[in-house]
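> here's my sequence, what's the structure:
(2 chains)
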Amino acid sequence: MSSKKSLHALHHKLADNDYQLKVLETHEISTVDFERFDDKLKSIGLFPLKPTNTEIFQVNVGYMCNQTCAHCHVDAGPDRKEIMTRETMQQCLDALAKTNIPTVDLTGGAPEMNPDFRWFVEEITKLGRKTMVRCNLTIIMANKKYHDLPQFFAEHKIEVVSSLPFYNKSRTDAQRGDGVFEDSIKALQMLNEVGYGKPGSGLILNLVYNPSGAFLPGSQASLEAQFKKELKRLYQIDFNSLFCITNMPISRFLEYLIDSGNYEEYMQKLVEAFNPIAAQNVMCRNTVSIGWDGNIYDCDFNQMLGLKVNHGAPNHISNWDLELLNNREIVLNQHCFGCTAGSGSSCGGSVA
Amino acid sequence: MERTTYYDPKDLKKFGDISKWDAELGKAFFDYYGKVFAEGALTEREKSLIALAVAHAIQCPYCIDAYTQDTMAKGCDEEQMMEAIHVAAAIRGGASLVHGTQMMNKFKDLTM
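Sure, this is the predicted structure:
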């Protein structure tokens, strides 16, 4: 699908977490003194930011992906070899079993490329928890061994969450790679065939929209109505909800912002669009994020910046302690403005 | 600082400053502006496309900047945005051409 290399494989300076943090926190790229995110939270009495309750156990099972998307905050791609072992998955299951956390959110890379993906899902199902999978759609078409994924998802009543930046080829392929749109449409039709997105099936298919450029997403309700109308009209595709996600100024999207000269203006937009209601509802307050190596983070974005949970909370799955985690202080940095701009942004879309 | 151009993109962000020299009228305008662009019988998206077309008809650089971003954020694609501008161009061109009837009338008045 993609011959592009990850920043990691290119030994790009933005593959270095410390350099990314330097860009975000200092005058490395911009001379503007952006307001600090923690000061912004202090101004609305929300600092230190604490969890409300942990409802989502998000697991990143590896950074390998069949795509190399231009905006990817994971810097995922075919050349990434970091992958969660079955042993670490078992530690996740053991931790999960000690809790009542209802939802497991599997992400990557393309999570389905982990050889133990199906085993992991089966074990999560045995624990009586709901599984969500962040499926990039094209993986279903990538190889014969993945063609039955829609049936596997349906069998385990997995909620499928899939990125589709737009309902046309040009904007989708610009962000996700040549040929992605066509394969995504075929995959969506296959998911529809087994009942996904169809009323009364109980099989949930949600799509994710994120802007293919340096602008913020518009109203989720309005975009959802438009996606539904156009995907039905053009391709007879049904889905449940559209989640609008703001692009985070980290990793490959940060590279794009810097290279295109949009960094300063984009950060300014995020800061100016700070919404206190979105800040109250940020996803890190009800989510923990487990990395492929078992490290624990406040969210998938902090994971990619190497910012583990802090302030006394256990930061590896082998030391899991939900009570301590529920009382932690969430680790913040300037990228957090991406989750609080406008209607807010989370793995489940708008929050305000 | 010497200005080298009448238009500076940074001035767009200062639009709200017009209220500083007349708070009452400024407030009245921005309240009205907000209501005009709210979802109504027309969607916010449709209104944004109309604004983009009008921006080109009146050739306002600030408005073109603002409503290019706004239509993109509202999920309009390149084809829709360009079609909207063609609507503006058609009306502008048509407005010139329809006056051709005046020219023709006058011509006829003056000729045998």
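
> got the contact list for the residue lying closest to A:F120 once chain neighbours are set aside?
Sequence neighbours aside, A:M89 is the residue nearest to A:F120 in space, at 4.8 Å (criterion: Cβ to Cβ, 6 or more residues apart in numbering or on different chains). No exception for glycine: its C-beta is placed from N, CA and C like everyone else's. Contact analysis of A:M89 by Cβ atoms under 8 Å, 6 or more residues apart in numbering or on different chains lists A:V59, A:V61, A:D116, A:W119, A:F120, A:E123.

> buried set for the host helix or strand of A:M89?
Using DSSP states H and E, A:M89 falls within helix A:86-97. Residues A:T88, A:M89, A:Q91, A:C92, A:L93, A:A95, A:L96 are the ones in helix A:86-97 that count as buried (16 or more other Cβ atoms under 10 Å in any protein chain shown).

> could those go into TSV alongside pLDDT?
Shown next, in TSV, are the buried residues of helix A:86-97 (pLDDT from 0 to 100):
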residue	pLDDT
A:T88	98
A:M89	98
A:Q91	98
A:C92	98
A:L93	98
A:A95	98
A:L96	98
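
> closest one of the residues you listed to B:A55?
Within the buried residues of helix A:86-97, proximity to B:A55 (Cβ to Cβ) peaks at A:C92, which comes in at 52.5 Å.

> ok now do the closest one, which residues does it touch?
Neighbours of A:C92 in contact, by Cβ under 8 Å, 6+ apart: A:F57, A:V59, A:F120, A:I290, A:G294, A:I317.

> run me through the strand neighbours of the helix or strand just after the helix holding A:M89, direction for each.
Under the assignment DSSP H and E, the closest C-terminal helix or strand after helix A:86-97 is strand A:103-107. Looking at strand A:103-107 with DSSP bridges, its partner strands are strand A:56-60 (parallel), strand A:130-134 (parallel).

> now the residue of chain A found nearest chain B, what's its secondary structure?
Nearest residue of chain A to chain B, counting by Cβ to the nearest Cβ: A:G218, 4.0 Å away. The local conformation at A:G218, judged by DSSP: H, G, I helix; E, B strand; the rest coil, is coil.

> please apply the same query to the one 3 residues further on.
In terms of secondary structure, A:A221 is helix; the call rests on three-state DSSP.

> list the contacts of it.
Here A:A221 is in contact with no residues (criterion: Cβ under 8 Å, 6+ apart).

> low-confidence stretches in chain B?
Scanning chain B with the threshold set as pLDDT under 70 gives B:1.

> helices of that one, start to end?
Using DSSP state H, the helices of chain B run over B:23-36, B:44-57, B:61-73, B:78-98, B:100-110.

> send the alpha carbons of the longest one over as CSV?
Taking Å, rounded to 0.1, in the frame of the first residue of the first chain, the C-alpha atoms of helix B:78-98 are listed here in CSV:
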residue,chain,number,x,y,z
GLU,B,78,-12.5,21.4,-3.9
GLU,B,79,-15.2,20.9,-6.5
GLN,B,80,-17.9,22.4,-4.4
MET,B,81,-15.7,25.4,-3.5
MET,B,82,-14.8,26.1,-7.1
GLU,B,83,-18.4,25.6,-8.2
ALA,B,84,-19.5,28.2,-5.7
ILE,B,85,-16.9,30.7,-7.1
HIS,B,86,-18.2,30.0,-10.6
VAL,B,87,-21.7,31.0,-9.4
ALA,B,88,-20.2,34.3,-8.2
ALA,B,89,-18.4,34.7,-11.5
ALA,B,90,-21.5,33.8,-13.5
ILE,B,91,-23.6,36.4,-11.7
ARG,B,92,-20.8,39.0,-12.0
GLY,B,93,-20.3,38.3,-15.7
GLY,B,94,-24.1,38.1,-16.2
ALA,B,95,-24.5,41.4,-14.5
SER,B,96,-22.2,43.0,-17.1
LEU,B,97,-23.8,41.2,-20.0
VAL,B,98,-27.4,41.8,-19.1
